[in-house]
Every structure is written in structure tokens, then in C-alpha cells.
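Asker: Quick one, fold the following:
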Amino acid sequence: MPAKSIKIANFAHIKEINISFGDLTVIVGPQASGKSLAMQWVKLLADRNAVCSDLKKYGYYFEKNSEFYSLYFGEGYERSVTEDVNIIFNGEDASPLALPEKKVFAKKHKIRVIPAHRGLLMVDGWPKLFQQHAMDTPYVARRSSEDLYNQLTSMNTSETDVIFPRQNRLKSSVREIINQAVYHDSTLNLSKHSQRKRLELKIPDGSGIPFMNWTAGQREFTPLLLSLYDLMPAGKVKKHEDICTIIIEEPEMGLHSKAIESFLVLIVELIHRGYKVILTTHSSIFLDFAWGISQLKLSCATSADYCNALRIPIAMQDCIDTLKKSKIKIYNFDFGSDGRVKSHDITSLDPFAVSTHENTWGGLASYTKNIGDALYKINNRCE
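Answerer: Model prediction:
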């Protein structure tokens, strides 16, 4: 079931959030404001049968609601699933207490979640299996780790052990942007060490660099890149046959702004291929990107103008027509005076809006705005 909208009330520290998803949806908010929890609900409500099938397949069992939610959200959150929780998904009531009682025959996932802290899914350059994670690890992290493992074990490296860059993966201009921003002429390889496979970076002088000696950004970006390989197949196939929505948590983790910009190019490609993309972030660059698109839509900008303004390779002009038609939604999750979280629609990103949620871009521009306001008052006083 595709995710069109969700309303969550009275779950954990979430008082009420209400989201209508676009082709690109960006969710911002401070730490612990419930962004990940909300996205886990989206995944569960869209793919509950596949989730239950996974848990049974990997040897877990649940007879009580509390056992199921402990396995899914991670230990402790099962106490937050009470009779007061109210969830509306795609306009229909979705009582969380009834979820484990559903029949669980369907196994195809419609939503792919790429969680934050992706580097923690790897041990010595290789993804953990689903069952190897601690019991308190949320389901979405286990599933992402298993997806990476399956992808690497099935990857055809008979002709070369190079995973990035590869000629049949991504446009050459996109590969070069990623190379310059993240890998700096090193190659990402699938190598064998002590009779086992592992991911390794080979720097230009030919030396092999093990996973834990990579930069933090390389450790976070590589699992993200590999996940997107699976979602952007080579050849004439545009997208994964089952997945319709991609949720990516904090894609900016560990990355310099140039590397974040390289990821924006991948977002444009994902939207062009027909995916709905949902991002949670603490980076203002994604709001700059969304605001830029909204302003370009209001202008007489050509496809080349879009590429120039958004730093998209000119070879990707075929993606611009899709981007022009895309619907973008932006929400801010924030704590109220009662210490509980509500959502705020800040899609217009109007710097002159009355709402501080909107005029500070969900708080991401509040520091800059504060300096600007202070300088304005100082200049007026001096005059």
C-alpha cells in the first residue's frame, strides 16, 4: 500500500503529527522529536504483512502485542502502544493494537527504509545479518542490514571487484560528482582478506584501506550508495519492481556540504525513476534545494537553468521535466510548551511568515536569522 498520508496522535512523546506525502517530502526537527518513529509507523502500516513474515522467517515469535512492538520498534517502545494511540493511514483508521493479528502471507515490501547510522550496520566492512543485531535494534535497521548483505552476496564481480565506480551504475557525470565529493579517486572494492569478503577502499597508490580506517563520511555514505544501487538498476529497467517509496534518514551524516550536494543529484534521479522520496534531516541544504525548485517553477527557467541553479549535471536534463512536475512537501516536528511534539506544514518556506516554524525553516535557519535581526537593529541604532 503506497504511503499517501499519515496522522499519529498520542504515541510516545508525539502529541499529533499530520503529514501528506509528496513526490519529495522533507521532515526536519530537533533530535528526539519523533521523526524516525513516525517513519517506522509508515513502513509498518504499508508493509505489515511483509514485516511479520520477516520476523517469523528469522526465528522470532510474538504472541502478545507488546512482544511484537518490542521486536519492531526496539525494546521499551512497546509500552507506548496504548489504547490512547490514534493513527490514520491513507485516510483510514489503523488501530495499532490490531496489527499483529493480521494474516501475514504477503511478503513483498513496498517501502524501503535506509536508516540513520548506516555505518553501524557494518562490521569490519561487511553487513550484519538480520539475526546478528541485538534484540533492541529496531526492525528497519535489521532489514536494511539484511538488504545490504543480500545485495553484496549477489553482486556480479566476476569481471572486476570494483563496486564504485562502475560503468553500468549511474551516469558518468554523477559518478564523477560522487568521486570528487566522497572517494577522491579511491575505488570501492569487494575484496578477500583472511579468507573472507569485505568492502575496502583502494587509494590511488594501490593500498587497501579497511572499513574502520575510512572517514566517517565514507562509512556513512557507502551503505547509502549501495542501497541506491539496488533501487536504480542498470539497463532499461527504471526502478525496483516492488518498491514505490524510499525513506532515507539523515542522509547528511558525516558528509561535507559538497557530498550532500552529490546526494541531491541522486534524489533527482530517484524521483525521475518514479519513486516517492521521504527524507528526515538536520541539514538546511535540503530546504535550500526545495526552496530553489519552488522559485524556479515560478520563473521562466529552462532545463539548463535548473541544472545550473541546482548544480545538476547538464547530462541529466531529461530528469528536469519530472522535477518541474514534482510535488514537494516540507514539515517541521517540534516540541510544544507541554514537552510533546506536533507537526507544522512549512512547505512554502516563507522567510516572512508569521510562524517561527516557517520563517526559521524549522529552526535550521534560526541562528542565521538571529544574527541578521541583530545586525539590522545595530545598524538602525548606529544611524
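
Asker: The residue positioned nearest the centre of the chain bridge partners, please.
Answerer: The chain has residue 248 as the residue nearest its centroid, 0.7 Å off, counting by Cα atoms, centre = their mean. Bridge pairing for residue 248 (DSSP bridges) gives the partners residue 114, residue 279.

Asker: Just give me the neighbour total for residue 249.
Answerer: Applying other Cβ atoms under 10 Å, we find 23 residues neighbouring residue 249. (C-beta placed from N, C-alpha, C; glycine too.)

Asker: List the contacts of it.
Answerer: When contacts are counted by Cβ atoms under 8 Å, 6 or more residues apart in numbering, residue 249 touches 35, 36, 39, 113, 114, 115, 116, 279, 280.

Asker: same deal with residue 35?
Answerer: The contact partners of residue 35, by Cβ under 8 Å, 6+ apart, come to 27, 29, 249, 280, 333.

Asker: Looking at those residues, point me to the pair that's furthest apart.
Answerer: Based on Cβ to Cβ, the longest span within these runs between 249 and 333 and measures 13.0 Å.

Asker: on that earlier part again, tell me the one of the contacts of residue 35 nearest residue 211?
Answerer: residue 249 (20.8 Å).

Asker: Let me know the pLDDT of that closest one.
Answerer: Looking at residue 249, its pLDDT is 97.

Asker: nearest residue to it other than its sequence neighbours?
Answerer: residue 116 (4.1 Å; Cβ to Cβ, 6 or more residues apart in numbering).

Asker: Run a quick neighbour tally on the one you found.
Answerer: Residue 116 has 19 neighbours, counted by other Cβ under 10 Å.

Asker: right, and it touches residue 253 too?
Answerer: Yes - judged on Cβ atoms under 8 Å, residue 116 makes contact with residue 253 at a distance of 6.2 Å.

Asker: ok, residue 380 - how many residues close by?
Answerer: 8.

Asker: Buried subset of the contacts of residue 35 as a PyMOL selection?
Answerer: Of the contacts of residue 35, the buried ones can be selected in PyMOL as follows, counting by 16 or more other Cβ atoms under 10 Å:
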select buried, resi 27+29+249+280+333
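
Asker: Flag the shaky bits of the stretch 101-250 of the chain, pLDDT-wise.
Answerer: Where the stretch 101-250 of the chain drops to pLDDT under 70, the residues are 101-106, 156-160, 194.

Asker: what about 80?
Answerer: 101-107, 155-160, 192-195, 235-236 (pLDDT under 80).

Asker: where do the helices sit along the stretch 101-250 of the chain?
Answerer: 139-154, 172-178, 216-231 (DSSP state H, counting those that start in this stretch).

Asker: Show the contacting residues for residue 183.
Answerer: Contact analysis of residue 183 by Cβ under 8 Å, 6+ apart lists 164, 201, 218.
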